[in-house]
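Asks: Structure here, sequence nowhere to be found:
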């Protein structure tokens, strides 16, 4: 240092040189107050203050560059071991502080009238910045990360704590002893104090402190909060932040209240943001577990109110729903269950309803495209084991349907509210103001008729599957649904229930006649009929089948006696509808089942003859071979029959696994055609009404595209507006398959 400061400035005049000779010893520093005054006097008398200051700054910069700056960066970058690094850094900082203190006393003499002593700190920062290595951030972060790990371990008092047990866990190694960690923290605190004295802490450490603090928060949030939805955790995170992270920062900034306040705000936001992002990524699972996961929803609500992550939540949840729910592999009833849970969770999360509207819109659109959505909703309403919809049905509140906007309607105009397009706006649309889940489900289609018609079909199946005439449950459900959908829509259902009651009375009268004539024995004695008013029941599935003569004889006898009791009415027997209880006695087992009459007729024919070919049995029963094979598949799955050759069947007397056979039989029974038309069949029948119009259009106008056909149908037939282009395309494709229509170049024409 003496050699550097004794270097002479450029050639001076004789008078200036004499002054410089007198002040040169004083430039060796450090100076006391008397020496500072003497140096200041010499500078003032010589008139060369600017020159001396410039020369002294140049010498100071050379001193830093040659002896201190390189050593400072080397202490941070050339050692991998944290303990060695902190010792080396502390030593370099101590030398640098001594050099700066010595130069500062000399420079203070100049600055009494010519500047600010902070200039030396700026020169130091400039030199450090000029020679800073590219790997600086990661090396400095290593020091602060190690200090946090040691600080947290010492705070817990666990000398043998593993690194993976702390908030920052990059590798699983044993920590040093408590004495070694305490020694490191002492050196680390001293080094931070020196950095503060040199005004270098913001430049050297702030970026590393921020990175380490964020990593600590991220790791702790992930480790302690992931997949834990049963209780609220946000308060515990805030307490941990105050107790651990902010206490660690307080030791770094030497109890600087201003710095502590700034970092508290900064890290509180970081905790909320990390926790919010975690819960947003888990939101689909939270919705699946709702309401058990309600505490997690409340925590997330508090987060997004302070971090404004609603857009992130919206995009993430819509993506998760599309990927994990809205696909062909998901069951419709499961989709509806998740949809209901989404409504409840998102209402709690955002009471305005805007978030629910935006998130659930794709779910509603997807449910509209599923053919069994209405049936699943109606089934849920009637299922007493399903607490969601059935409980709402029992409340008896009327539906709250969306009302279409009409600018000419004064009442609607007075009640109109703008749609909530911005998630931050607290504006409620009328479609979101209802708390009724059932109304929201009905609003997927916007029409009561679909649900009423589906309920009629479902009620018809339930009534016909009931081997008794008891329908108290259906009466109770009907009364509740009348409160929901209105009495006008449910009048046909009342007629259906009246038919059941009348059937019970007629059936009793018929059996009384048989008893008087001693006919009420055998098959006649255990046969009961439902007498239905055809015009008020849903459309029945037509099936060509000739039952076994024994069953046909019973039907004829019942029809004959019915016409005696009801002279003005004619009874038309539906051979494919009903339920028959059979006990099939085989050599190795007895099989008891309840099946449709065509299935029972098959087994009665096998009672007459043990082996049948498919063609012979189809001819006897007047059925199509394909339809008969589907009936036979049930009995072969149940292993009552077996196929012994090409389309040759016989009774199976072999020993079988009863449980496996019963399970296979139940699976195949679901595939058997039911008594009522399905939704797809009803849709095809509705479209068949437009077939004559389509023929006329194609005959008069020639080949047309699908869009043109649909446009002209809707122009002349108002009912066609209710059908979609996809439904018309499916219908036309079925006509192409039948050979009635052909398509070429995207245009349809009559064959």
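Replies: Perfect, I can see it now. Owing to the predicted nature of the structure, the values given are computational and were not obtained by experimental measurement.
Asks: so residue 650 sits in a strand?
Replies: Yes: counting by DSSP: H, G, I helix; E, B strand; the rest coil, residue 650 is found in a strand.
Asks: Apart from its chain neighbours, what residue comes closest to the residue most central in space within the chain?
Replies: With distances taken as C-alpha atoms, centre = their mean, residue 284 lies nearest the centre of the chain, 2.8 Å away. Leaving aside its chain neighbours, residue 284 sits nearest to residue 320 (4.1 Å; criterion: C-beta to C-beta, 6 or more residues apart in numbering). No exception for glycine: its C-beta is placed from N, CA and C like everyone else's.
Asks: In terms of helices and strands, where is that neighbour?
Replies: Remark: residue 320 resides in helix 310-324, with elements defined by DSSP states H and E.
Asks: quick one on the thing from earlier: how near is the residue nearest to residue 284 to residue 283?
Replies: 7 Å (C-beta to C-beta, to the nearest Å).
Asks: So for those two, which sits in the more crowded spot?
Replies: Taking neighbours as other C-beta atoms under 10 Å, residue 320 and residue 283 compare with residue 283 leading, 24 against 18.
Asks: distance of the residue nearest to the more buried one when sequence neighbours are not counted from residue 245?
Replies: Nearest residue to residue 283 in three dimensions, chain neighbours excluded: residue 317, at 5.2 Å (C-beta to C-beta, 6+ apart). Applying C-beta to C-beta, the value for residue 317 to residue 245 is 30 Å.
Asks: Could you list the low-pLDDT ranges of the stretch 301-450 of the chain?
Replies: 386-387, 396, 400-435 (pLDDT under 70).
Asks: all helices of it, in order?
Replies: Secondary structure of the stretch 301-450 of the chain by DSSP state H, counting those that start in this stretch: the helices cover 310-324, 332-349, 354-369, 373-382, 387-395, 410-415, 430-433, 437-442, 449-464.
Asks: buried stuff in the third one?
Replies: This means helix 354-369. For helix 354-369, the neighbour count (16 or more other C-beta atoms under 10 Å) marks 354, 355, 356, 357, 358, 359, 360, 363, 364, 366, 367 as buried.
Asks: when you compare where that helix runs with where helix 332-349 runs, what's the angle?
Replies: Relative orientation of helix 354-369 and helix 332-349, computed by axes from the mean of the first three to the mean of the last three C-alpha atoms, to 10 degrees: 170 degrees.
Asks: Show me what helix 354-369 is packed against.
Replies: Applying 3 or more C-beta pairs under 8 Å, 6 or more residues apart in numbering; DSSP states H and E, we find helix 354-369 packed against helix 310-324, helix 332-349, helix 430-433.
Asks: among those, which is the most enclosed?
Replies: Ranked by average neighbour count under the criterion mean count of other C-beta atoms under 10 Å, the helices and strands packed on helix 354-369 are headed by helix 332-349 at a mean of 20.
Asks: Any chance of the backbone angles for residue 724?
Replies: Dihedral pair for residue 724: phi -90, psi 160, per degrees, to the nearest 10.
Asks: Then residue 448?
Replies: Main-chain torsions, residue 448, degrees, to the nearest 10: phi -80, psi -30.
Asks: element containing residue 191?
Replies: Assigned by DSSP H and E, residue 191 falls within helix 178-197.
Asks: Now do the buried residues in that helix.
Replies: 178, 181, 183-185, 187-188, 191-197.
Asks: tell me the average confidence for that helix?
Replies: Across helix 178-197, pLDDT averages out at 76.
Asks: Repeat that for stretch 254-270.
Replies: In this model, stretch 254-270 has an average pLDDT of 85.
Asks: one step back: show the contacting residues for the residue nearest to the centre of the chain.
Replies: By C-beta atoms under 8 Å, 6 or more residues apart in numbering, the residues touching residue 284 are 317, 320, 321, 324, 325.
Asks: now swap in residue 250 and tell me
Replies: Counting by C-beta under 8 Å, 6+ apart, residue 250 touches residue 260.
Asks: so how far is the helix or strand that contains it off the chain centroid?
Replies: Here residue 250, judged by DSSP H and E, is contained in helix 246-252. For helix 246-252, the separation from the chain centroid amounts to 39 Å (computed by C-alpha atoms, centre = their mean, to the nearest Å).
Asks: Same check on stretch 501-515?
Replies: When distances are taken as C-alpha atoms, centre = their mean, stretch 501-515 is centred 56 Å away from the chain's centroid.
Asks: Now do that stretch: everything it contacts.
Replies: Applying C-beta under 8 Å, 6+ apart, the contact partners of stretch 501-515 are 469, 471, 520, 524-525, 528-532, 558, 561-562, 564-566.
Asks: Apply 6 Å and report the result again.
Replies: The contact list for stretch 501-515 (C-beta atoms under 6 Å, 6 or more residues apart in numbering) reads 469, 520, 524, 528, 530, 531, 561, 565.
Asks: what do you get for stretch 333-351?
Replies: 287, 290, 297, 301, 325, 355-356, 359-360, 363, 376, 388, 437.
Asks: so what's residue 458 closest to, chain neighbours aside?
Replies: Residue nearest to residue 458 in three dimensions, not counting chain neighbours: residue 378, with 5.5 Å by C-beta to C-beta, 6+ apart.
Asks: any low-confidence regions in the stretch 651-751 of the chain?
Replies: Scanning the stretch 651-751 of the chain for pLDDT under 70 picks out 668-686.
Asks: try it again with 80
Replies: For the stretch 651-751 of the chain, the stretches flagged by pLDDT under 80 are 655-690, 718-724, 726-727.
Asks: so can I have JSON lines of the contacts of residue 284 showing distance to residue 219?
Replies: Conversion of the contacts of residue 284 to JSON lines gives the following (distance: C-beta to C-beta, whole Å):
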{"residue": "317", "distance to residue 219": "25"}
{"residue": "320", "distance to residue 219": "24"}
{"residue": "321", "distance to residue 219": "29"}
{"residue": "324", "distance to residue 219": "27"}
{"residue": "325", "distance to residue 219": "31"}
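Asks: Please identify which of the residues you listed is nearest to residue 263.
Replies: Of all the contacts of residue 284, residue 317 has the smallest distance to residue 263: 32.3 Å, by C-beta to C-beta.
Asks: could you check the distance from that closest one over to residue 266?
Replies: Residue 317 is 28 Å from residue 266, by C-beta to C-beta.
Asks: Equivalent analysis for residue 716, please.
Replies: Distance of residue 716 to residue 266, computed by C-beta to C-beta: 69 Å.
Asks: If you count surrounding residues, which of the two has more?
Replies: Each of residue 716 and residue 266 had its neighbours counted (other C-beta under 10 Å), and the higher figure belongs to residue 266 (13 against 10).
Asks: A helix includes the more buried one, no?
Replies: Yes: counting by three-state DSSP, residue 266 falls inside a helix.
Asks: gap between it and residue 456?
Replies: The gap separating residue 266 from residue 456 is 63 Å, by C-beta to C-beta.
Asks: mean confidence score for stretch 282-300?
Replies: Rounded mean pLDDT across stretch 282-300 is 92.
Asks: can you put the helices of the stretch 301-450 of the chain in CSV and add distance to residue 573?
Replies: CSV is the format used below for those (distance: least, C-beta to C-beta, whole Å):
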stretch, distance to residue 573
helix 310-324, 50
helix 332-349, 35
helix 354-369, 39
helix 373-382, 28
helix 387-395, 36
helix 410-415, 53
helix 430-433, 49
helix 437-442, 37
helix 449-464, 14
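Asks: right, so of those helices, which gets closest to residue 570?
Replies: Closest of the helices of the stretch 301-450 of the chain to residue 570 is helix 449-464, at 20.2 Å (criterion: C-beta to C-beta).
Asks: Now tell me what touches that closest one from outside.
Replies: Under C-beta under 6 Å, 6+ apart, the answer for helix 449-464 is 374, 375, 378, 474, 485, 489, 493, 500, 537, 538, 675, 676.
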